[in-house]
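Q: The following block contains a protein sequence and its predicted model.
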Amino acid sequence: MVSSTKFYHYLKSKRTALRLSQARLGSLVGVATSTICHIEAGAYTKFPLNKVLKLGQILGINQDQFALMWIDAIVEDQKETLKRKIFSAR
């Protein structure tokens, strides 16, 4: 499983390697610039699958692999959130 932090940094590195601004990538995917910003910060998990696949396609990543990486990152975030809630309740 890929760590969520690494995944979001990976997305940003792919975008910058393609010399795409957040605004341009957002336009290509069909979302607001702020959405791309939130995704790269790891703060946006409720993203429609068709947009996830479009994002992967634009970044040149195999869509199946990209979707699985996306899901892994979301699950990892949820696990960390749950751990914090459990251990802070003690």
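A: Received the coordinates, thanks.
Q: contacts for the helix or strand containing S13?
A: Per DSSP states H and E, S13 falls inside helix 4-17. Residues outside helix 4-17 that contact it (CB atoms under 8 Å, 6 or more residues apart in numbering): 2, 22, 25, 36, 39-42, 55, 59-61, 69-70, 72-74, 76-77, 80. Backbone N, C-alpha and C define where each C-beta goes, glycine included.
Q: From these, which land in helices?
A: 22, 25, 36, 39-40, 55, 69-70, 72-74, 76-77, 80 (DSSP state H).
Q: Need the max-distance pair from those residues.
A: L25 and E80 (26.1 Å; CB to CB).
Q: These two: who's more crowded?
A: L25 (23 against 13; other CB atoms under 10 Å).
Q: what's the more buried one in contact with, if anything?
A: 15, 36, 55, 58.
Q: and it, how far is that from A32?
A: 11 Å (CB to CB, to the nearest Å).
Q: now swap in G42 and tell me
A: G42 is 17 Å from A32, by CB to CB.
Q: Looking at those two, which has the bigger crowd around it?
A: G42 (17 against 13).
Q: so the more buried one touches D77, yeah?
A: Yes: with contacts defined as CB atoms under 8 Å, G42 counts as touching D77 at a distance of 6.8 Å.
Q: where does this protein dip in pLDDT?
A: For the chain, the stretches flagged by pLDDT under 70 are 1-5, 44-45, 90.
Q: make it 80
A: By pLDDT under 80, the low-scoring segments of the chain are 1-5, 43-46, 89-90.
Q: from the chain's centre, how far out does stretch 9-21 sit?
A: Distance, stretch centre to chain centre, for stretch 9-21: 12 Å (CA atoms, centre = their mean, to the nearest Å).
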